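Q: Just need the structure, nothing else, for what follows:
(2 chains)
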Amino acid sequence: GAVVSQHPSRVICKSGTSVKIECRSLDFQATTMFWYRQFPKQSLMLMATSNEGSKATYEQGVEKDKFLINHASLTLSTLTVTSAHPEDSSFYICSVYDGTNYGYTFGSGTRLTVV
Amino acid sequence: GENVEQHPSTLSVQEGDSAVIKCTYSDSASNYFPWYKQELGKRPQLIIDIRSNVGEKKDQRIAVTLNKTAKHFSLHITETQPEDSAVYFCAAFSRGGGNKLTFGTGTQLKVEL
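A: Got it, this is the predicted structure:
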């Protein structure tokens, strides 16, 4: 599968501020990346599909104006949590699907804490 | 869309015993079923997977079975060890569903000495 790098690994921000998380596909040109959110002791929930050069596709119930996704190149997708609130505190993970033999690779995740 | 259910939510076994985790899925178009092990604060790690044209797959102490008719698949871990303790997730994948992975709710496995 692809090699995926995600930054930052941890971030603490104040309520009302915005946080950007980066997901890079280091060895594969990814037209599609996925963003998941995982609350403590819960499963990974797909938030959105990031499409290179076009708008992201959001899952039902995910606010597109709050979770801004930009996939401007084949190697980089960013998730910006805008006007963050404590309830946005979670573990955010990106993934890349490389289309070969169901290659599905996850980033290392970002622990977001909003205080 | 796809819905994946997973049971049990917690499982405690003695070292050396077997552990079985079961999942069901709803979308008959799903054709790939991976299992992930996740340690606290880390990314999910693929431990085994199975495609819809296969009924069973084994890799050392880990095996997965798939019943397409019943839409369920199971993870079997034999001779469990303390380092097997983690959260395990099943998932289902459908190309027709936008290449998305839908995860089960997870099973916290604890292997006791």
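Q: Please make it C-alpha for all contacts and neighbour counts, starting now.
A: Noted.
Q: Now do the closest residue to residue A:49 other than its chain neighbours against residue B:91, distance only.
A: Nearest residue to residue A:49 in three dimensions, chain neighbours excluded: residue A:34, at 4.6 Å (CA to CA, 6 or more residues apart in numbering or on different chains). As for residue A:34, its distance to residue B:91 is 15 Å (criterion: CA to CA, to the nearest Å).
Q: related to what we said a few turns ago, the residue nearest to residue A:49 against residue A:98, yeah?
A: No - Residue A:34 is beyond contact range of residue A:98, at 11.6 Å (criterion: CA atoms under 8 Å).
Q: more neighbours, these two?
A: Higher neighbour count among residue A:34 and residue A:98: residue A:34, with 25 against 19, using other CA atoms under 10 Å in any protein chain shown.
Q: Tell me who's in contact with that one.
A: By CA atoms under 8 Å, 6 or more residues apart in numbering or on different chains, residue A:34 lies in contact with A:46, A:47, A:48, A:49, A:50, A:94, A:95, A:96.
Q: Which other helices and strands does the helix or strand of chain B with the lowest mean pLDDT contact?
A: Every helix and strand in chain B was compared by mean pLDDT, DSSP states H and E; the lowest is strand B:100-103, with a mean of 92. Helices and strands touching strand B:100-103, by 3 or more CA pairs under 8 Å, 6 or more residues apart in numbering or on different chains; DSSP states H and E, are strand A:45-51, strand B:86-94.
Q: quick one: contacts for the residue lying farthest from the centre of chain B?
A: Distance from the C-alpha centroid of chain B, by CA atoms, centre = their mean, peaks at residue B:113 (23.2 Å). Shown in contact with residue B:113 (CA under 8 Å, 6+ apart): B:14, B:15, B:82.
Q: quick revisit: check which residues of the least confident helix or strand of chain B are buried.
A: Neighbour-count burial for strand B:100-103 flags B:100, B:101, B:102, B:103 (criterion: 16 or more other CA atoms under 10 Å in any protein chain shown).
Q: got the contact list for residue A:52?
A: Contacts of residue A:52 were listed using CA under 8 Å, 6+ apart, and they are A:30, A:31, A:32, A:71, A:72, A:73, A:74.
Q: sorry, that was for residue A:3
A: Applying CA under 8 Å, 6+ apart to residue A:3 gives the contacts A:25, A:26, A:27, A:28, A:105.
Q: Out of the residues you listed, which is nearest to chain B?
A: Comparing the contacts of residue A:3 against chain B with CA to the nearest CA places residue A:105 closest, at 8.9 Å.
Q: Count the neighbours of residue B:96 for me.
A: With other CA under 10 Å as criterion, residue B:96 counts 10.
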